[in-house]
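Asks: Got a sequence here, can you build the structure:
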Amino acid sequence: MTTSRTGLNPPPAGIPASTSRRMRSIRLALLGLGVLLLAWGAFVMFDSVRLTRIPGVALWIAAAIVLHDAILAPIVFAFGIALRRAGRRVTGTVIAIVQGAIVVGSIVSLIAVPTLVAKNFAPANPTVLPLNYGLNLAIFWLLLALVTVGLSVWAFLRWRSPVEAFPDDSGR
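Replies: Residues are numbered from 1 along each chain as shown. Okay, here's the model as predicted:
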């Protein structure tokens, strides 16, 4: 096995080599920015959250990761696979629209679920959580589905019937 001029082994066949100095610099800058943002977030959390609340925050973060990895990501992946199995009848744009709608709907649902739960444990004051959050979430999902179908049909029809750049001159 030969080594490149950088001293690293060449990438396996079929995988492009990204060895330019500019790309490495960009990656290192993004990595450094990510580490700085994580450190800033940890500082703000420990500075503004009582120490007795940190386990609850850690549990919330762990639950968000589990919900994403165990529920949201597999659903989006399954829809993508199902739509791709439809063959050439469904474009990548339609797949992206559906997957985007699932992600948006899931995020809104994850934000709304705590209010649904809190409504059951709310104090007797009706002004604390005044809305019907379950109905609002159902209406949101209905509207999201309608917009998704509309955008998907539009993208599909746009793909199926391309606009001709030049009209047919055979009738002259």
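
Asks: Mind listing residues that contact stretch 111-123?
Replies: With C-beta atoms under 8 Å, 6 or more residues apart in numbering as the test, stretch 111-123 has contacts from 128-129, 133-134, 136-137, 140. The way it works is simple: take the backbone N, C-alpha and C, and place the C-beta from them, glycine included.

Asks: Distance check, A42 against F140.
Replies: Separation of A42 from F140 (C-beta to C-beta, to the nearest Å): 33 Å.

Asks: Which one's more surrounded, these two?
Replies: Ranked by neighbour count (other C-beta atoms under 10 Å), A42 and F140 place F140 first, with 15 against 10.

Asks: show me what contacts the more buried one?
Replies: Shown in contact with F140 (C-beta under 8 Å, 6+ apart): 105, 108, 112.

Asks: need the helices for the protein, in chain order.
Replies: Assigned by DSSP state H, the chain shows helices spanning 21-48, 54-67, 73-84, 92-120, 133-160.

Asks: Alpha carbons of the third one, as PDB, please.
Replies: Taking C-alpha atoms only, helix 73-84 is exported to PDB below (Å, rounded to 0.1, in the frame of the first residue of the first chain):
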ATOM      1  CA  ALA A  73     -34.900   9.600  12.300                       C
ATOM      2  CA  PRO A  74     -36.300   6.100  11.600                       C
ATOM      3  CA  ILE A  75     -39.600   7.600  10.500                       C
ATOM      4  CA  VAL A  76     -38.000  10.100   8.200                       C
ATOM      5  CA  PHE A  77     -35.700   7.300   6.800                       C
ATOM      6  CA  ALA A  78     -38.700   4.900   6.300                       C
ATOM      7  CA  PHE A  79     -40.700   7.600   4.400                       C
ATOM      8  CA  GLY A  80     -37.600   8.300   2.300                       C
ATOM      9  CA  ILE A  81     -37.100   4.600   1.500                       C
ATOM     10  CA  ALA A  82     -40.900   4.100   0.700                       C
ATOM     11  CA  LEU A  83     -40.900   7.100  -1.600                       C
ATOM     12  CA  ARG A  84     -37.800   6.100  -3.300                       C
END
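
Asks: Relative to N120, how far out is the residue lying closest to S109 once chain neighbours are set aside?
Replies: Excluding the flanking residues, the one nearest S109 by C-beta to C-beta, 6 or more residues apart in numbering is L137, at 6.5 Å. According to C-beta to C-beta, L137 and N120 sit 15 Å apart.

Asks: Compare these two (neighbour count), which wins?
Replies: L137 (18 against 7).

Asks: just checking, that one touches L110?
Replies: No: contact criterion C-beta atoms under 8 Å: L137 and L110 do not qualify, at 10.8 Å.

Asks: re earlier: so which of the helices of the chain is the most packed in?
Replies: Sort the helices of the chain by mean neighbour count, taking mean count of other C-beta atoms under 10 Å, and helix 92-120 sits at the top with a mean of 15.
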